[in-house]
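*Asks:* dropping the sequence and predicted coords here.
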Amino acid sequence: MLILLLAAIIAVILVVTQATSSAFCWNSTATTVAGRVGVSDDAANRLDRPFGVALDSSNALYISDQTNNRVQKWLAGASTGTTVAGQASAVAGTTSDSLDAPSGVLLDSSGNIYVADTNNNRVQYWLQGASSGTTIVGVTGSAGSGNNELTNPYGIARDPSSGTLYIADQSNHRVMSYIAGASSGTVVAGGNGLGTANTQLKYPVGIYFDASSNSLIIANTGANNIVRWALGASSWTLIAGSINGTRGSNATLLNYPVGVTMDPMGNTYVADRNNHRIQLFLAGQSIGMTIAGVTNATGTSSTLLNNPYSMVFDAQLNLYVADTYNHRIQKFMHC
Ligand SMILES: *[C@@H]1O[C@H](CO)[C@@H](O)[C@H](O)[C@H]1NC(C)=O
Ligand SMILES: *[C@@H]1O[C@H](CO)[C@@H](O)[C@H](O)[C@H]1NC(C)=O
Ligand SMILES: *[C@@H]1O[C@H](CO)[C@@H](O)[C@H](O)[C@H]1NC(C)=O
Ligand SMILES: *[C@@H]1O[C@H](CO)[C@@H](O)[C@H](O)[C@H]1NC(C)=O
């Protein structure tokens, strides 16, 4: 009787373990889906320090090709990209048809592009197929901390139901919110100077809008942590990393986390840049697991990353990583 009971318990444990591990399983060997390792020129089949990645419904990749000052679109399976924002020639500029060191990129459901034009201190909106963009946030070229200004915007996120845009205004240590069509925004996170207190941010880079909790998930990069800032709240709560800014490379700590995203189950994924890995923190857990790359190891092989900046999932939970210093986008298949 006891033996039967034990056998039943063991069977249940095995089933649960298997279900958990298959839900959180990615092939640790990636394939390169854009760019080429070690080569960083401005040819159409190359990338130079890709920063942000977005996917449309056909799994075409939109990549902010930062040092080439352009956004490239790569159709699924394509071996070259086409320029959909900025100049294909990679020249930087302040005009409406140019970009200067773009970083965060996202798409709306019609395939129009929002891009953080970092060195121009603005966010540009490019209608699908347009040859120039319009400035929807910021004053071109001029950095500032007014409610209509930005200083080095990086991550952008959008609430698809309202069209409200959220911008990690990195050097102002705050996140701004812009209602669609508004010419100035409001501070929704930080804005209390550089620091590691829970009312402050420190060089925030990546952001993700979590509709289910009406909160922003922020890569608080300079503080080496990932925090949740509920809209309307005056402080953050810790999701991952240290509470006081300490960096590290064990399973709890992070080192200069740049990108953050969530899956539909509320688990958090972090591009842990200086540890050269992608970390997964299951909802409610502070101990992470490495799902791509190898902690503190850089390299050009298909299992290694070199300064990953961001990631995105397709509908099958396949993982695409901007392997920034390797000048390529790596795809890790969900298994
Ligand atoms: C993992 O991906 C690599 C590269 O695509 C492939 O060769 C290998 O068979 C895959 N392994 C598994 C277990 O699917
Ligand atoms: C910061 O927190 C870490 C644990 O996350 C701890 O080991 C460290 O001693 C703390 N440092 C300071 C200065 O409080
Ligand atoms: C990582 O290091 C910090 C600081 O020493 C410590 O507080 C934490 O428990 C460590 N995490 C793990 C999983 O060992
Ligand atoms: C990471 O690697 C660097 C270079 O190899 C080394 O100096 C450093 O001590 C390593 N850090 C950790 C936490 O292992």
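*Replies:* Great, that's in hand. Ligands and ions are numbered 1, 2, ... in the order given.
*Asks:* isn't Lys202 up against Gly245?
*Replies:* Yes - at 7.1 Å, Lys202 counts as touching Gly245 under the criterion of CB atoms under 8 Å. Every C-beta, even on glycine, is put in place using the N, C-alpha and C of the backbone.
*Asks:* anything in contact with each of the two?
*Replies:* When contacts are counted by CB atoms under 8 Å, 6 or more residues apart in numbering, Lys202 and Gly245 have Thr196, Gly222, Ala223 as shared neighbours.
*Asks:* show me where the stretch 51-200 of the chain has strands.
*Replies:* All strands of the stretch 51-200 of the chain, identified by DSSP state E, counting those that start in this stretch, fall at 61-65, 70-74, 82-86, 102-107, 113-117, 122-126, 134-138, 153-158, 165-169, 174-178, 186-190.
*Asks:* between the second one and strand 61-65, how big is the angle?
*Replies:* When you say that, I think you mean strand 70-74. What separates the directions of strand 70-74 and strand 61-65 is an angle of 150 degrees, with axes from the mean of the first three to the mean of the last three CA atoms, to 10 degrees.
*Asks:* what does strand 70-74 rub up against?
*Replies:* Counting by CB under 8 Å, 6+ apart, 33-34, 44, 47, 60-65, 80-88, 90, 99, 102, 105, 113, 115, 126, 329 sit against strand 70-74.
*Asks:* using CSV, write out every CA atom in it.
*Replies:* C-alpha atoms of strand 70-74 as CSV (Å, rounded to 0.1, in the frame of the first residue of the first chain):
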residue,chain,number,x,y,z
ARG,A,70,18.9,52.7,-39.6
VAL,A,71,16.1,50.2,-39.0
GLN,A,72,16.3,47.0,-41.1
LYS,A,73,13.5,44.7,-42.0
TRP,A,74,14.4,41.0,-42.5
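*Asks:* pLDDT weak spots in this structure?
*Replies:* Low-confidence segments of the chain (pLDDT under 70): 1-22.
*Asks:* show me what from it comes close to ligand 2.
*Replies:* Within reach of ligand 2 by CB under 6 Å from any ligand atom, the chain has these residues: Ser242, Asn244, Thr246.
*Asks:* which of those are buried?
*Replies:* Ser242 (16 or more other CB atoms under 10 Å).
*Asks:* next, format the strands of the stretch 51-200 of the chain as a markdown table and append mean neighbour count and distance to Met265.
*Replies:* Written out in a markdown table, the entries for the strands of the stretch 51-200 of the chain read as follows (neighbours: other CB atoms under 10 Å; distance: least, CB to CB, whole Å):
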| stretch | mean neighbour count | distance to Met265 |
| --- | --- | --- |
| strand 61-65 | 27 | 24 |
| strand 70-74 | 25 | 28 |
| strand 82-86 | 22 | 31 |
| strand 102-107 | 25 | 21 |
| strand 113-117 | 27 | 26 |
| strand 122-126 | 23 | 30 |
| strand 134-138 | 19 | 31 |
| strand 153-158 | 26 | 18 |
| strand 165-169 | 28 | 22 |
| strand 174-178 | 24 | 24 |
| strand 186-190 | 21 | 24 |
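*Asks:* fine, thanks again, bye for now.
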